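Q: Pasting a predicted model and its sequence here:
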Amino acid sequence: MIRLLNNNMVNRKREGSTLVSVVIGVLFLAAIGIIVLTAANSYMISVNVDYNSSNNFYEAEQILEEVKTGLLEYAGDASEEAYKYILENYGKDKDSKREAFSKKYLSLLADKLQPDMSGSFVWDDSKIGNAQDGDIKKLKALSPVPDAVTTVKATNLAFVIKKDEKTGEYSLVIRNMLIDFTNEIDYRSTIQTDICLTVPDHSLEGNSTFDEMKDYISISDDTLGVNNGLVGIGITGKIYGGNTEQGILLGQKSKVDFKSPLIISRGDMEVHNGAEISVTGETGVGDLYLKNIHLTPGGSTDSTLKTMLNLNENAYIANDLNIETNNSTVTVGGKYYGYSYNETNKSDASAVVNSDYSSAILINGKNTTLQTDDLHSLILAGRAFVSRQKQQGVSGPKPVSDIRMGESIAVKSNQLAYLVPDEFIVTASGNSDDCHNPVFKDEMAEVHVDEAGLKNKFGQYLNAATPYEANYNNTLGYVFYYLKFKDDISANKYFEAYYNGTEVDEDGNTIINQEELQKKAKVYISDQDLNIKFDQMLYLVAGNVMNNYYNANGAPLQKATYFGDNQQPESRLLEEGQRIGQKYVGYQMGLTPSKNTAGNMRLSPTAPRLVSETIVNFQDPEFKNKVTEAETVKTEADTGVSGAVLRICKGDYTVSSEMKGLLVADGDVTVSADFTGLILATGKVSVANTGIKMQSDMVTVGKLFDYIRTDEALSSLFRDLNGTLKKRPSDLAECISYQNWVKNSY
């Protein structure tokens, strides 16, 4: 019995244990279900919250983009106005075009951001890097949700104009802006950021200058000179001389053969006594842009030296061809275009007319030959002037006005035609006996100008207020009295009348003026003669011309052909002269006509120098810090350019052995051995040895410039040139970016 009872108890325990296990299992499964349901519910809530929060953030970001779009419109207007400002005003200050554009552009943007009562924004270098007050209302106005555009708590809107000391680039940064937006279901999102506006690149200096340099043998801010007595000098390639007085100087007895497709000088080509110079294109007729061509003794007293200049170029000369050396032969081929009628080549009376703005050919040296057999066309838009000197010992500047003549090609002796006749030189008492022109300065003589005197005979040609002007020869103690004409046409008509007229000398003899002029001119004109055969289609001159001096029948007179029936210059000729002058300015500024964006006919006196202020900058902090050596040399092993050397000198340099490559010098360069490639110099380039050959090499120079682009230190030397390592965006949208972006920090 006992055993039976015990078995029943065991069975009951097993049944209870099974029930407990079932209950526990059910409870476990229920717990798992609750956990899963709770997790799922939490996940759904989280996804829903993140979805709405993300949507709200996108709405805040959209508001920021709308503000950026509004700033982009401001930038577009500012860029257009700044560009127009540069075109109209460049040359009035020493800033580069890039810097002037940057300052104007950022000033216009700052003007849009500052409070209205501040007035127009004025650039101030002392405030660069310092925060300046902005007006948040200006940014609110750019958004359809203005209340969302605000500032970081406890701050005001500010902007800072910055300058990168390494690159010299300016930018404007808007600070303290906050986008704080809550949507319709009460989800809030914030974006805190600064907005940076950099300056777009409009190629103001551009890579065209960079590309043009490859074809040059020499580009210098000062003179390209050949020293005295050097012979056998051959220079092939384009040339640029930046000295505004003597861009190209060819010394006494030097013999130089230029084969140049293009020669540009900001000043004169000056040829000294005894030099033999040939100028032609490399494969044909080239182009020559100069202020003057001046043959001068250069200090030599040797009157037997013969000077030769052979121009087989299209010569575009702003002022004169002036031959002062004795025994000179000048051969002119191609086109000769002296394009200056007056300062602006406009026919209005306000335009300045003087010897600096009137193109002519002047023969002042004895025994001169001017050969024109190969001349295709000749245009002289101006006329000759007699240089006027002030009286010695009298204070004040030299007289502004030189003495106008009625000729475009003039021989020195022809000045006698413009002297006040002796009959009108009288003593203080009115006696004209034994009076003459010129007079000694201490003689008590004056010009009889009243209606019975000078005005009676020449009144139709003369300036009514001042019909004559004095010119002083202080060395000999003479005073010359010249007629003063009322205008150019009157000067022409006077000379024509004089040429066809007669005078009576002090002995009562009749003098035929044409014969007298011809006789005196033969001192200056060699028996090879001018002998220019004029054709109105090929030869246009603003003044009269005597020619063929050795003709048995006398020297015929070529009348002025530059004027229309209204006695005014032909407008098409004036406009053509303006275009040539504008091209010349462009070449001077950047080696291409396109660099004259302002359309000026004359280079501004404040225009930056080409090498040191436009192409290179030895003072750039980035270059100075990375290139500390006085001289940097890169060979073929560095550049990969066969047989070439890249040499950069922070001072003068002498080419003492044959060199091929690119030489950049912050100073003078002396060439004493053959050179192939390009010389860039902030100073002079001087040839200093007989038999030197200089040759451009666009392939070698181009490859070396390509190497410079890849070198961070060397590329920093070249400024305002597209295509270098300092590539700047031109798309305005790329010039607006975000800085210090922070999301949902509030």
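A: Sure, I can see it.
Q: Under the pLDDT cut-off, which ranges of the stretch 301-450 of the chain? List them.
A: 301, 393, 397-400, 428-434, 444 (pLDDT under 70).
Q: how about a cut-off of 80?
A: 301-303, 348-352, 390-401, 427-435, 441-445, 449-450 (pLDDT under 80).
Q: mind listing the strands for it?
A: 307-317, 320-323, 328-338, 360-363, 369-371, 375-380, 385-386, 403-404, 407-411, 425-427, 439-440, 445-447 (DSSP state E, counting those that start in this stretch).
Q: of all these, which lies closest to residue 476?
A: strand 439-440 (9.0 Å; C-beta to C-beta). Placement of C-beta: from N, CA and C, glycine included.
Q: before we move on, back to that, export the strands of the stretch 301-450 of the chain as TSV, with columns for distance to residue 300 and mean neighbour count.
A: Shown next, in TSV, are these (distance: least, C-beta to C-beta, whole Å; neighbours: other C-beta atoms under 10 Å):
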stretch	distance to residue 300	mean neighbour count
strand 307-317	10	22
strand 320-323	15	24
strand 328-338	13	22
strand 360-363	19	26
strand 369-371	19	20
strand 375-380	29	20
strand 385-386	24	20
strand 403-404	28	26
strand 407-411	22	27
strand 425-427	37	18
strand 439-440	31	16
strand 445-447	37	19
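Q: and residue 684, which of those is closest to it?
A: strand 307-317 (21.8 Å).
Q: chain center to that closest one: distance?
A: Strand 307-317 sits 24 Å away from the centroid of its parent chain (C-alpha atoms, centre = their mean, to the nearest Å).
Q: which other helices and strands contact it?
A: In terms of contacts (3 or more C-beta pairs under 8 Å, 6 or more residues apart in numbering; DSSP states H and E), strand 307-317 is packed against strand 268-272, strand 276-280, strand 286-290, strand 293-296, strand 328-338, helix 571-590.
Q: mind redoing it with 6 Å?
A: strand 276-280, strand 286-290, strand 328-338 (3 or more C-beta pairs under 6 Å, 6 or more residues apart in numbering; DSSP states H and E).
Q: These into TSV, with extra columns for distance to residue 718?
A: Formatted as TSV, the helices and strands packed on strand 307-317 follow (distance: least, C-beta to C-beta, whole Å):
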stretch	distance to residue 718
strand 276-280	30
strand 286-290	24
strand 328-338	34
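Q: Could you list the low-pLDDT ranges of the stretch 601-746 of the chain?
A: Within the stretch 601-746 of the chain, the segments meeting pLDDT under 80 span 719-731, 745-746.
Q: would you list every one of the helices in it?
A: Remark: helices assigned in the stretch 601-746 of the chain by DSSP state H, counting those that start in this stretch are 610, 621-626, 636-639, 698-710, 712-715.
Q: Now residue 717: phi and psi?
A: As for residue 717, its main-chain torsions (degrees, to the nearest 10) stand at phi -70, psi -30.
Q: what's the burial count for it?
A: 24 (other C-beta atoms under 10 Å).
Q: from memory it sits against residue 623, does it?
A: Yes - judged on C-beta atoms under 6 Å, residue 717 makes contact with residue 623 at a distance of 4.7 Å.
Q: Surely residue 422 and residue 436 touch.
A: Yes - counting by C-beta under 6 Å, residue 436 is a contact partner of residue 422 at 5.0 Å.
Q: Which residues are in contact with the residue most central in space within the chain?
A: Nearest residue to the geometric centre of the chain (C-alpha atoms, centre = their mean): residue 589, 2.1 Å. Shown in contact with residue 589 (C-beta atoms under 6 Å, 6 or more residues apart in numbering): residue 595.
Q: please begin residue numbering at 39 from this point
A: Sure, I'll start numbering at 39, so the last one becomes residue 627.
Q: Give me the pLDDT for it.
A: Residue 627 carries a pLDDT value of 93.
Q: Quick one: neighbours of residue 540, just the number.
A: Neighbours around residue 540, by other C-beta under 10 Å: 12.
Q: Kindly give the local confidence score, pLDDT, for it.
A: On the pLDDT scale, residue 540 gets 91.
Q: Could you tell me how far it is located from residue 778?
A: With distances taken as C-beta to C-beta, to the nearest Å, residue 540 is found 92 Å from residue 778.
Q: Need the nearest residue in space to residue 228, chain neighbours excluded.
A: residue 784 (4.5 Å; C-beta to C-beta, 6 or more residues apart in numbering).
Q: Run a quick neighbour tally on the one you found.
A: 12.
Q: likewise residue 149?
A: With other C-beta under 10 Å as criterion, residue 149 counts 15.
Q: Please report how far it lies from residue 170.
A: Going from residue 149 to residue 170 by C-beta to C-beta gives 11 Å.
Q: One more: residue 714?
A: Relative to residue 170, residue 714 is positioned 54 Å away (C-beta to C-beta).
Q: of those two, who's got more company?
A: Each of residue 714 and residue 170 has its neighbours counted (other C-beta under 10 Å); residue 714 has more, 20 against 16.
Q: quick one: contacts for that one?
A: 698, 733, 735.
Q: For beta bridges, what are the partners of it?
A: Here residue 714 sits in beta bridges with residue 698, residue 733, as judged by DSSP bridges.
Q: Next: residue 582.
A: Judged by DSSP bridges, the bridge partners of residue 582 are residue 445.
Q: thought it was touching residue 446?
A: No - Residue 582 lies out of contact with residue 446 (C-beta under 6 Å); the separation is 7.2 Å.
Q: in the strand of greatest length in the chain, what's buried?
A: Longest strand in the chain, counting residues (DSSP state E): strand 208-220. Residues of strand 208-220 classed as buried: 208-219 (neighbour count, 16 or more other C-beta atoms under 10 Å).
Q: What strands line up against it, and which way round?
A: strand 187-189 (antiparallel), strand 196-201 (antiparallel), strand 226-236 (antiparallel).
Q: Show residues contacting it.
A: Counting by C-beta under 6 Å, 6+ apart, residues outside strand 208-220 touching it are 97-98, 101-102, 140, 144, 147, 186, 188-190, 193, 195-201, 226-230, 232-237.
Q: before we move on, back to that, output the strands of the stretch 339-488 of the chain in JSON lines, with distance to residue 109 appended to each entry.
A: Listed next are the strands of the stretch 339-488 of the chain as JSON lines, based on distance: least, C-beta to C-beta, whole Å:
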{"stretch": "strand 345-355", "distance to residue 109": "47"}
{"stretch": "strand 358-361", "distance to residue 109": "55"}
{"stretch": "strand 366-376", "distance to residue 109": "50"}
{"stretch": "strand 398-401", "distance to residue 109": "57"}
{"stretch": "strand 407-409", "distance to residue 109": "65"}
{"stretch": "strand 413-418", "distance to residue 109": "53"}
{"stretch": "strand 423-424", "distance to residue 109": "58"}
{"stretch": "strand 441-442", "distance to residue 109": "59"}
{"stretch": "strand 445-449", "distance to residue 109": "59"}
{"stretch": "strand 463-465", "distance to residue 109": "77"}
{"stretch": "strand 477-478", "distance to residue 109": "76"}
{"stretch": "strand 483-485", "distance to residue 109": "72"}
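Q: Make sure residue 403 is actually in contact with residue 364.
A: Yes - assessed by C-beta under 6 Å, residue 403 is found in contact with residue 364 at 4.7 Å.
Q: wait, which of the buried residues of strand 208-220 is closest to residue 274?
A: residue 208 (42.2 Å).
Q: can you tell me how far the residue nearest to the closest one when sequence neighbours are not counted sits from residue 238?
A: Distances taken as C-beta to C-beta, 6+ apart put residue 140 closest to residue 208, at 4.4 Å, once the chain neighbours are dropped. As for residue 140, its distance to residue 238 is 10 Å (criterion: C-beta to C-beta).
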